[in-house]
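>>> got a predicted structure here, sequence first:
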Amino acid sequence: MSSSEPASTGTAPGTPPSQSGNVPAGIVPRARGFRDGDPFFVFSQYAVGGILRAASRIVLEDVNRCPTPDKGPLILASSHLAYADIPLLGAFMPRPPIFFSKSEVESWPVLGAVGARYGTIYVRRGEADRQAIRDALACLAARQMLTIFPEGHRNKGRGLLQAQPGISLMALRGGASVWPVAIDGSHLIFNRLRPTVSIRGGEPFNPRDVLGSDGKTLRDHQELANIIMRRIRDLLPASAHGVYA
């Protein structure tokens, strides 16, 4: 899990109830950041989206495949090329994405405060951060759209990297559907004159339907992470397939 946008401590009003039977034991549904359709969030989408469209040619394909909150917990799983992926997803997804970020960002000027308002979950890297996991599960239980970069690092346009198994653990424990999304060309923003950047939405799926096991072993988690990455791969040109070629 990786990202670099900064985590709210308040519960957004109007939080829908979690899907029956999908809330892990001991987890209380707790929304972060903005509600779907929040006027300020929509305004920020137009503002940031305008800047990104001025800097690049944005091509959106099938982003309307994004499941609505009534469908239950959701994880948006995206390829990760550059830091620009975070504002891109924030500006052009139909729902507010909740990101992960390294804990150091929380104390950064400006970014820390912005991230806090947008609901980012901070993670202490290099250790098992149980609080971050609980925050993420609470977010899923509140039927928000948790956003994860399965590669764990930016691939900088060199092709997909091996997926980390954490996304599988989160999806299975949170009872979430997974929506694969592929970003292509974002590493060229501000490096070339108005490059073409595409964001393609795949078909959402229930990970239990494809795993075919109880999902409790490390092998199962890595297997599911690879399945997710292959679904992202199928939305990208062959030149971007990387280790999943």
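Right, received. Where do you want to start?

>>> only C-alpha atoms for contact and neighbour calcs from this point on.
Will do.

>>> can you give me the strands in this protein?
57-61, 74-78, 97-98, 100-102, 121-123, 145-148, 177-184, 196-201 (DSSP state E).

>>> as a markdown table, those with mean pLDDT and distance to residue 167 would be great.
Formatted as a markdown table, those follow (pLDDT from 0 to 100; distance: least, Cα to Cα, whole Å):
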| stretch | mean pLDDT | distance to residue 167 |
| --- | --- | --- |
| strand 57-61 | 98 | 24 |
| strand 74-78 | 98 | 8 |
| strand 97-98 | 97 | 14 |
| strand 100-102 | 89 | 12 |
| strand 121-123 | 91 | 14 |
| strand 145-148 | 97 | 7 |
| strand 177-184 | 98 | 9 |
| strand 196-201 | 98 | 18 |
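
>>> would you reformat those strands as TSV and include mean neighbour count and distance to residue 132?
Below are those laid out as TSV (neighbours: other Cα atoms under 10 Å; distance: least, Cα to Cα, whole Å):
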stretch	mean neighbour count	distance to residue 132
strand 57-61	16	31
strand 74-78	26	15
strand 97-98	28	12
strand 100-102	21	9
strand 121-123	27	6
strand 145-148	26	12
strand 177-184	25	19
strand 196-201	21	27
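
>>> please name whichever of the ones you listed is nearest to residue 166.
strand 145-148 (9.3 Å; Cα to Cα).

>>> what lines up beside the closest one in the sheet?
Sheet pairing of strand 145-148 (DSSP bridges) gives strand 74-78 (parallel), strand 97-98 (parallel).
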